[in-house]
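> coords please:
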Amino acid sequence: MEVCKNCGRKNPLEEANFCYYCGASLREDGSALENVRKETVSGEGNAESAAVTDPTVVKRPFTTMQWLGMFLLLLIPLYGWIAFLVIASISAFGANATEERRAFAKGFLLFLVIAVIALWLFYMYVQSNPELLAEYNKMLEQMNTSAGQ
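Below you'll find the model as predicted:
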């Protein structure tokens, strides 16, 4: 693992040209930045490989407080859910997210889709069986009369 001369941290990737944390070049001769420029200008590398090695793109993981803040958004009626879904969508499909954050956001969005479909199916099942609804109402009346005594 190579130590960054700019921030002093150890890089997790040995073949990295730039520091994972601050984006500074790890090569003394500056050849890393020239290689990225040549790839993007000549079109040899695709856009994704250039974005990965671009020192200006810093992918930072979410901290615990940022996750807590996202989940506290869910407590705000309606607008909190909308904001949470927007942030989750950006995290899932945006280019500037870590793999862990992207995977969590995709998993959470998939969970929401499955939960909504399951609730809709349950609602349709109850609506198609009126005797279930009548039995449920009878049970609620019995509970109310026993609690009132």
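> for the most centrally placed residue in the chain, what are its contacts?
Closest residue to the average C-alpha location of the chain: Ala105 at 3.0 Å, with C-alpha atoms, centre = their mean. Listed by C-beta atoms under 8 Å, 6 or more residues apart in numbering, the contact set of Ala105 reads Ala88, Ser89, Ser91, Ala92, Ala97. Placement of C-beta: from N, CA and C, glycine included.
> Nearest to Ala115, out of those residues: which one, please.
Of all the contacts of Ala105, Ala115 sits closest to Ala88, with 13.8 Å by C-beta to C-beta.
> Leu110 is in contact with the closest one, correct?
No. Counting by C-beta atoms under 8 Å, Ala88 sits too far from Leu110 to count as a contact (10.6 Å).
> Tell me which of the two has more neighbours.
Neighbours were counted for Ala88 and for Leu110 using other C-beta atoms under 10 Å; Ala88 has more, 19 against 11.
> So for that one, what pLDDT did the model give?
Predicted confidence (pLDDT) for Ala88: 87.
> Look up how far Leu78 lies from it.
Ala88 sits 16 Å away from Leu78, going by C-beta to C-beta, to the nearest Å.
> before we move on, what about Phe93?
On the measure of C-beta to C-beta, Phe93 and Leu78 end up 23 Å apart.
> between the two, which one's more packed in?
Taking neighbours as other C-beta under 10 Å, Phe93 and Leu78 compare with Phe93 leading, 12 against 7.
> residues in contact with the more buried one?
Listed by C-beta under 8 Å, 6+ apart, the contact partners of Phe93 are Arg102.
> now swap in Glu28 and tell me
No contacts exist for Glu28 under C-beta under 8 Å, 6+ apart.
> Specify the local secondary structure of it.
Classification of Glu28 by DSSP: H, G, I helix; E, B strand; the rest coil places it in coil.
> and the gap between it and Asn17?
Distance from Glu28 to Asn17, by C-beta to C-beta: 12 Å.
> what about stretch 113-120, distance to the chain center?
In terms of C-alpha atoms, centre = their mean, to the nearest Å, the centre of stretch 113-120 is found 20 Å from the chain centre.
> Over it, what's the mean pLDDT, rounded is fine.
For stretch 113-120, mean pLDDT is 96.
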